[in-house]
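Trainee: Sharing a sequence plus its predicted fold:
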Amino acid sequence: MAEPGDLQQRVTAIGLTPRESAMQYRHVGRSGLVASAIGVGCFPFGGYVPQAGVQAVVDQALDLGINYFDTANSYGIGRSEEALGLALQGARRQQALIATKFGNRTGDGPNDVGNSRIAVIAACEASLRRLRTDWIDLYQVHWPDSATPIEETLRALDDLVRAGKVRYIGASNFSAWELCEAHFTAERYGLSGFISTQDHHSLLYRDLERRFEPFCVKYGLGMTHYFPLAAGMLSGVHRRGEIAPGTRQANNPNTPAWQSERNWAVTEQLHAFARARGWTLPQMALAWLLQRPATFTVIAGADKPEHLRENVQALQVRFTPEDLVEIDRITLVDEDRSVAPPYRLLRPEKVHEFEPMQRARAGAPSRAAH
């Protein structure tokens with residue numbers, strides 16, 4: 001936070017000269033909203049990370065120039081929002097962009113889940129109370145709701161925007177057609193539209209680059225990604241058959257779901273690739289996501305301030321074209337199953353594999369380790 005003397009020295013006739021910062025900032029899609037390239041995933045707040053730890057992480061984030069905090073009303077059934085709101089009390093709130101989500105079940109009532117008007121409005125009011133704020137910067141639909149017309153959801157969100165309780169709206173976990181329907185429904189009725197989408201994307205799971213990312217690029221939706229380190233697989237602290245004790249993964253019942261032979265084989269190659277270039281594996285994994293064409297920020301859970309300091313180092317990673325081709329060769333190892341096998345041979349132009357995969361299989365030169 002700026003000291004009074006520092007502030008006075010930066011005053012000019014037309015405002016302030018900005019302070020120097022190592023943080024990168026990006027527009028969220030085609031909107032005017034600007035977010036830090038590194039964000040904070042707040043899922044562990046209020047549970048795995050107690051309030052004192054939350055405060056330390058939030059303070060460190062703001063000191064590093066990180067302004068993007070991602071939470072949801074279903075994380076700890078409100079505890080994450082409460083912990084974040086407490087940590088951002090006072091002047092800190094103006095420095096932060098709070099991105100929260102709604103739609104998952106948070107109570108036993110029939111309207112305590114989903115994206116109906118009654119659920120949207122009630123969820124927003126409850127989140128505002130827990131976050132101790134008058135507005136939410138980015139309010140995101142956590143999951144699509146097939147039982148509610150998208151027009152009903154968008155009209156409710158548009159009312160919240162017009163009331164000043166929400167600044168921008170976004171989506172999460174939508175399929176491409178659902179995002180397309182939402183985009184053109186908002187356009188047809190003159191409603192506030194989604195400026196962003198949040199989805200599962202990492203070096204281990206890349207399929208949305210073909211089925212989803214092109215839509216976001218063409219229509220100007222910003223992308224952010226959860227599980228950017230594949231729930232710890234790309235953290236660099238675990239080894240095959242040995243999950244580091246004391247980590248969240250060690251106590252998470254979902255950890256075994258990630259431990260496939262394919263994931264370990266790819267992870268081990270990526271680890272060697274990063275080490276040969278003087279990078280850590282998580283820094284490389286975050287940097288790789290940041291070079292995707294629609295990405296505005298990457299969000300990784302931070303249990304301690306040092307995790308944020310390590311994550312920010314991803315901004316120093318620079319890839320050559322040869323690096324990217326080699327990463328494609330390592331990671332794009334799954335067959336495209338959207339085309340029947342005979343047509344793969346008879347009509348290769350119909351095979352919808354990634355262009356990077358095609359380049360890698362064609363034997364594009366790889367950069368030698370250095």
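Mentor: Okay, I see it.

Trainee: hey, where'd the strands end up in the stretch 151-300 of the chain?
Mentor: Here the stretch 151-300 of the chain has its strands, by DSSP state E, counting those that start in this stretch, at 166-172, 194-200, 222-226, 295-301.

Trainee: Sheet-wise, list the partners of the last one with their directions.
Mentor: Looking back up the chat, that one is strand 295-301. Partners of strand 295-301 in the sheet, by DSSP bridges, are strand 38-41 (parallel), strand 222-226 (parallel).

Trainee: Quick check: what element follows that strand along the chain?
Mentor: Next along the chain after strand 295-301, taking DSSP states H and E as the criterion, comes helix 305-312.

Trainee: mind listing what's buried in that following helix?
Mentor: Pro305, His307, Leu308, Glu310, Asn311, Val312 (16 or more other Cβ atoms under 10 Å). From N, CA and C alone the C-beta is placed, and that goes for glycine too.

Trainee: mind listing the strands for the stretch 1-150 of the chain?
Mentor: Counting by DSSP E, counting those that start in this stretch, the strands of the stretch 1-150 of the chain are 11-12, 15-16, 25-27, 34-36, 38-41, 68-70, 97-102, 136-141.

Trainee: Any chance you could list what contacts the third one?
Mentor: Just to be clear, that refers to strand 25-27. Leu33, Val34, Ala35, Ser36, Ala37, Gly65, Asn67, Gly222, Thr295, Phe296, Thr297 (Cβ atoms under 8 Å, 6 or more residues apart in numbering).

Trainee: picking that back up, could I get the strands of the stretch 1-150 of the chain as TSV with distance to Glu209?
Mentor: Formatted as TSV, the entries for these read as follows, by distance: least, Cβ to Cβ, whole Å:
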stretch	distance to Glu209
strand 11-12	44
strand 15-16	40
strand 25-27	19
strand 34-36	21
strand 38-41	20
strand 68-70	21
strand 97-102	23
strand 136-141	21
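
Trainee: Could you export these to TSV, including columns for mean pLDDT and distance to Gly85?
Mentor: Formatted as TSV, the strands of the stretch 1-150 of the chain follow (pLDDT from 0 to 100; distance: least, Cβ to Cβ, whole Å):
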stretch	mean pLDDT	distance to Gly85
strand 11-12	90	31
strand 15-16	88	28
strand 25-27	97	24
strand 34-36	98	19
strand 38-41	96	14
strand 68-70	98	10
strand 97-102	98	8
strand 136-141	98	11
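
Trainee: Now for Asp112: which residues touch it?
Mentor: Neighbouring residues of Asp112 by Cβ under 8 Å, 6+ apart: Arg105, Thr106, Ala119.

Trainee: same question, Thr148
Mentor: Per Cβ under 8 Å, 6+ apart, neighbours of Thr148: Gly114, Asn115, Ser116.

Trainee: Give me the pLDDT for it.
Mentor: Turning to Thr148, the model gives it a pLDDT of 98.

Trainee: so how far is Leu289 from it?
Mentor: 31 Å (Cβ to Cβ, to the nearest Å).

Trainee: Asp112 too?
Mentor: Relative to Leu289, and taking Cβ to Cβ, Asp112 is found at 33 Å.

Trainee: same question, Pro228
Mentor: From Pro228 over to Leu289 (counting by Cβ to Cβ), the distance is 6 Å.

Trainee: And those two? Which one has more around it.
Mentor: For Pro228 versus Leu289, the count of surrounding residues by other Cβ atoms under 10 Å is larger for Pro228: 28 against 23.

Trainee: who's Gly41 bridged to?
Mentor: Residues in beta-bridge contact with Gly41 (DSSP bridges): Asp70, Gly301.

Trainee: That one against Asp70, yeah?
Mentor: Yes: the pair Gly41 / Asp70 is scored as a contact, 5.4 Å apart, by Cβ atoms under 8 Å.

Trainee: anything in contact with each of the two?
Mentor: In the contact map built from Cβ under 8 Å, 6+ apart, the residues linked to both Gly41 and Asp70 are Tyr226, Ile299.

Trainee: Quick one: closest of the strands of the stretch 1-150 of the chain to Arg188.
Mentor: strand 136-141 (18.1 Å; Cβ to Cβ).
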